[in-house]
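S.K.: Need a 3D model of the sequence below.
(chains A and B)
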2 protein chains.
Amino acid sequence: MSEEIHHADGDELQQHLDQVQTLLARQKLVEGLVHRQDMPRHELVEGLVHKQHLNELRTRLDHMHPADIAYILEALPLDERLIVWDLVKAERDGDILLEVSDAVRESLIANMDSHELVAAAESLDADELADLAPDLPHEVIEGVFQSLSVEEREQLRAAMSYPEESVGSIMDFDMVTVREDVTLEVVLRYLRLFDELPDHTDQLFVVDRDEHLKGVLPLNRLLVSDPDTEVGTLMLTDFIDLQPGDEAEEAAQAFERYDLVSAPVVDSQHRLIGRVTVNTVVDFIREESEAEQLAQAGLKEEEDIFAPVWDSVKNRWAWLAVNLVTAFVASRVIGAFEGSIEKLVALAALMPIVAGIGGNSGNQTITMIVRAIAMGQVKPDAIRRLLRKEINVALINGIVWGGLLGVAAWWMYGSASLGLVMTSAMTLNLLLAAVAGVSIPLLRERLGADPAVGGSVLITALTDSGGFFIFLGLATLFLM
Amino acid sequence: MSEEIHHADGDELQQHLDQVQTLLARQKLVEGLVHRQDMPRHELVEGLVHKQHLNELRTRLDHMHPADIAYILEALPLDERLIVWDLVKAERDGDILLEVSDAVRESLIANMDSHELVAAAESLDADELADLAPDLPHEVIEGVFQSLSVEEREQLRAAMSYPEESVGSIMDFDMVTVREDVTLEVVLRYLRLFDELPDHTDQLFVVDRDEHLKGVLPLNRLLVSDPDTEVGTLMLTDFIDLQPGDEAEEAAQAFERYDLVSAPVVDSQHRLIGRVTVNTVVDFIREESEAEQLAQAGLKEEEDIFAPVWDSVKNRWAWLAVNLVTAFVASRVIGAFEGSIEKLVALAALMPIVAGIGGNSGNQTITMIVRAIAMGQVKPDAIRRLLRKEINVALINGIVWGGLLGVAAWWMYGSASLGLVMTSAMTLNLLLAAVAGVSIPLLRERLGADPAVGGSVLITALTDSGGFFIFLGLATLFLM
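M.R.: Here you go, the predicted structure:
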């Protein structure tokens, strides 16, 4: 990274954005003047002013970090975004495309021709290229592929072959390797041959002639030790080594547990093939937690907030449709008891309370269980113990809150038996929520499915329909 | 970290846990035998076997990383957890207490006497101590304080004075500093005086006599450069420097944007007072995203899944109570229209659909807006543009899904006007959800409040009560 690139803190970043927006606004003003006045005599002058704003903007962009430009592109509506994108130096396009969100990346790529795309892609490493590849047109990939060395082609092929969310998909190929039979003095001299070390080099990898990984030599050890020491006597032999087929989430947990900066990736013969670095892990963690949040709210993927309306509609339809079906089922449950409601209309007013509290409580349980499963703290055989506990919590809540609402219903509608039905229905629905909240994620885990996806929708559907059924059913049995 | 401590990958960690549980089960079996048979002759033999299991367990624990022991403690029920905790070497207690979750930490501390606690605390650095301090009894803190050096007392006092979620609360004091007028050769010799460098030392901090931070010298630069170069000519002068009062979230974003491993923290006079490292940032990011998930589900804090029932009840009551109030309000809205429902009982079956779809759609909108605000992509003045977009999305969804449901209602109840009321109510409630989903977080942001907290509860409350009101109100107006 060149020294003239400025690193901005949070406030500075906001200032960058403000400045860009001000310059864009001025430029628009000028363009507006040119069009409105339509005076050829002035055109030259206005053109110059116009250019001046754009030139100033271009200069500012040149000194910004690719991540900061990405931030600004994401914060701008499409038309302004494309003006800024045009002003960015072509050789930085690749780095910036890697930094922007998927949705914004699509909007940028859609506005580049294949010549520009090939140029942008060629500036990237094989592992970065693999990340970008799914968004690039086929002929662009072909073009880039032709320009790579044999080794890079191999790396690109390998990187693209690993499934998403595997260690292989987040590893890179920038490693410094040394032999175990040399002294630190030799290592230090060897390192001075480099122009720069790869980012996040906190350890050197010790390999034999066949690239088998024998150990790791942390730079911290290298720096405090006597230069006459041999690498072999100083290297660590107990270290985390990942395999490309491992789950990226597992690697992320190892990074968190052991506070790693980098970790080697080896193949089945224990040959060093790459490494994972903490910055990729941080990105992975952030993306995972975002994907989870979005999925919970029923969004398919991250949205470019300035995306066309139609894109947003498509992003949200799948879950709305699911919700529609579950709501319809709940509605049919109520429909089955229309006779009872006709006789005692208070039921209509009270039933959403039973359903709502059940849903809330079930979501609390399922969130806690899903989290515990993700942390590896719950094994499927813990189901009985957890069920017992959650059932007890549900009983307490049912008796206390349900009792309270029962009294309220009694007081409002002057019927003690209606109050009793209310309390019993609340308690039963909370028990249903507890059992479902524990069982759904644990059963899905046991069946090999992701315990998190759609859990909230499922449990809400269950406590809605179930709550209506229990409450109206009890009322029909005991009050009609 | 000593070399005999083993680093475990995900599978190995599971094996550790299995082994611990097996040994605990065997020990319990033996104890059971002793009690049941009650034969003094055998007691000695059984006692030996018993001890053998515990000894094996102790040896295993001695070779595990503190983070792995923490993981095992979290996965065990309270009684087994305390057996394992007793077997852990006292000098490792401090490190392990730092690694376990808050809830589990409480259960461990509650079972230690103040002598053990002081010993555990004394093994920690000032910044680690500050993290633990809120959970320790007052007299323990006093005891530890007495044993610290003057410098450490200052650091501890400083570390404890910073608010939670500030940079000060996540920084440490382990820095290596150098002067700018020395050569790299001198720096290299200076580093060899250390037994080891602090973890995550990826750069040295260049300071003057008064500790003013002049620049940073990345180890990667140090290692590839000519030893005769002076520090001053090689150091970077454009770098991220944090202030202890900055928001930790802002620091985390800088770490993500610029792929940092460490960053210096300076006071208002630009004197170096500490540093933040990527491992703390990773923990911070994970905790933040967890806290958000828990809050969304209405849990006050992380639960020890083996906690007593009563702890769980308390953890969940606050939000259940809020939910109870909002459900009660919605119920009263329905109560106001009991006359209409009595005349047309189909309304009771259809109204939850209107409310449910509105809530789901509002949650989609608010999740997206909250995320965009957190990323710094939305300023309060973007409200009009976003409102326009979300209103368009709501209109499309209202007409399509609302239309579909209107036809369904028409078909089921044979009333075209009921279908029309259904479609209009759906559309209006979706519009309400869109407006609230955009406005609530943006207004809270403008008022300086956290846009995320409780947003989901608020919007669901609004779309429930609002949905019932709109649907029943329209029905009363046009169908009665």
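S.K.: can you give me the mean pLDDT across stretch A:273-286?
M.R.: When the per-residue pLDDT values of stretch A:273-286 are averaged, the result is 93.
S.K.: Which positions in that stretch come out as buried?
M.R.: For stretch A:273-286, a neighbour-count test (16 or more other C-beta atoms under 10 Å in any protein chain shown) marks A:273-282, A:284-286 as buried. C-beta: built from backbone N, CA, C; applies to glycine.
S.K.: do it and chain B meet?
M.R.: Yes. Using C-beta under 8 Å from any C-beta of the partner chain, stretch A:273-286 comes into contact with chain B via A:278-279, A:281-283, A:285-286.
S.K.: among those, which are in helices?
M.R.: Of the positions in the residues of stretch A:273-286 next to chain B, A:278-279, A:281-283, A:285-286 sit in helices, assigned by DSSP state H.
S.K.: which among these gets closest to residue A:304?
M.R.: For those, the closest approach to residue A:304 (C-beta to C-beta) belongs to residue A:286, at 17.3 Å.
S.K.: Confirm that residue A:438 sits in a helix.
M.R.: Yes. Assigned with DSSP: H, G, I helix; E, B strand; the rest coil, residue A:438 falls within a helix.
S.K.: Pretty sure it sits against residue A:387.
M.R.: Yes. Counting by C-beta atoms under 8 Å, residue A:438 sits close enough to residue A:387 to count as a contact (5.2 Å).
S.K.: contacting residues around residue A:351?
M.R.: Shown in contact with residue A:351 (C-beta atoms under 8 Å, 6 or more residues apart in numbering or on different chains): A:334, A:467-468, A:471-472, B:348.
S.K.: Try it again at 7 Å.
M.R.: By C-beta atoms under 7 Å, 6 or more residues apart in numbering or on different chains, the residues touching residue A:351 are A:468, A:471-472.
S.K.: So for the helix or strand hosting it, what gets flagged as buried?
M.R.: Assigned by DSSP states H and E, residue A:351 falls within helix A:346-374. Taking 16+ other C-beta under 10 Å as the basis for neighbour counts, the residues of helix A:346-374 that come out buried are A:346-374.
S.K.: try stretch A:405-415
M.R.: Taking 16+ other C-beta under 10 Å as the neighbour-count basis, stretch A:405-415 is seen to contain the buried residues A:405-406, A:408-410, A:412-413, A:415.
S.K.: what do you get for stretch A:187-205?
M.R.: When burial is assessed from 16+ other C-beta under 10 Å, stretch A:187-205 yields the following buried residues: A:187, A:191, A:197-205.
S.K.: Helices of the stretch 101-250 of chain A, residue ranges please.
M.R.: A:102-109, A:114-122, A:126-132, A:138-147, A:150-161, A:167-170, A:184-191, A:219-224, A:231-234, A:248-258 (DSSP state H, counting those that start in this stretch).
S.K.: Now do the last one and helix A:346-374, the angle between them.
M.R.: Pointing back at helix A:248-258 there. Angular relation of helix A:248-258 and helix A:346-374 on a 0 to 180 degree scale: 70 degrees, by axes from the mean of the first three to the mean of the last three C-alpha atoms, to 10 degrees.
S.K.: Give me the mean pLDDT for helix A:248-258.
M.R.: Helix A:248-258 shows a mean pLDDT of 90.
S.K.: elements contacting it?
M.R.: Taking 3 or more C-beta pairs under 7 Å, 6 or more residues apart in numbering or on different chains; DSSP states H and E as contact, the helices and strands that helix A:248-258 lies on are helix A:167-170, helix A:278-296, helix B:66-75, helix B:278-296.
S.K.: Excluding chain neighbours, what is closest to residue A:145?
M.R.: Nearest residue to residue A:145 in three dimensions, chain neighbours excluded: residue A:153, at 6.5 Å (C-beta to C-beta, 6 or more residues apart in numbering or on different chains).
S.K.: Over to residue A:123?
M.R.: Sequence neighbours aside, residue A:94 is the residue nearest to residue A:123 in space, at 4.2 Å (criterion: C-beta to C-beta, 6+ apart).
S.K.: for residue A:378, same thing?
M.R.: Taking C-beta to C-beta, 6+ apart, and ignoring the residues beside it in sequence, residue A:378 has residue A:372 as its nearest neighbour in space, at 4.4 Å.
S.K.: from what I can see that neighbour touches residue B:305, true?
M.R.: Yes. Here residue A:372 lies in contact with residue B:305, judged by C-beta atoms under 7 Å, at a distance of 4.8 Å.
S.K.: what's the overlap in contacts for these two?
M.R.: Common neighbours of residue A:372 and residue B:305 (C-beta under 7 Å, 6+ apart) are residue A:378.
S.K.: Find the centremost residue of chain A, please.
M.R.: Among the residues of chain A, the smallest C-alpha distance to the mean C-alpha position (C-alpha atoms, centre = their mean) belongs to residue A:287, namely 1.8 Å.
S.K.: What separation do you get for residue A:303 and chain B?
M.R.: 5 Å (C-beta to the nearest C-beta, to the nearest Å).
S.K.: Outline the domain layout of chain A.
M.R.: For chain A, automatic domain parsing gives the domain ranges A:10-165, A:177-296, A:309-479.
S.K.: which residues touch residue A:386?
M.R.: By C-beta under 7 Å, 6+ apart, the contact set of residue A:386 is A:369, A:438, B:305.
S.K.: rerun at 8 Å
M.R.: Contact analysis of residue A:386 by C-beta under 8 Å, 6+ apart lists A:369, A:378, A:438, A:442, B:305.
S.K.: Point out where chain A drops to low pLDDT.
M.R.: A:1-4, A:10, A:29-50, A:379-381, A:453 (pLDDT under 70).
S.K.: Surely residue A:75 touches residue A:304?
M.R.: No. Under the criterion of C-beta under 8 Å, residue A:75 makes no contact with residue A:304, lying 10.6 Å away.
S.K.: My understanding was that residue A:249 contacts residue A:165; is that so?
M.R.: Yes. Under the criterion of C-beta under 8 Å, residue A:249 lies in contact with residue A:165, with a separation of 6.9 Å.
S.K.: mind checking the end-to-end distance for stretch A:287-305?
M.R.: 17 Å (C-alpha to C-alpha, to the nearest Å).
S.K.: in it, what's buried?
M.R.: Judged by neighbour count (16+ other C-beta under 10 Å), stretch A:287-305 contains these buried residues: A:288-299, A:302-305.
S.K.: now stretch A:72-79
M.R.: Neighbour-count burial for stretch A:72-79, counted by 16+ other C-beta under 10 Å, picks out A:72-76.
S.K.: Distance check, the residue lying closest to residue A:281 once chain neighbours are set aside against residue B:69.
M.R.: The shortest distance from residue A:281 to any residue other than its chain neighbours is 4.7 Å, reached at residue A:255 (C-beta to C-beta, 6+ apart). From residue A:255 over to residue B:69 the distance is 18 Å, taken as C-beta to C-beta, to the nearest Å.
S.K.: All good on my end, thank you.
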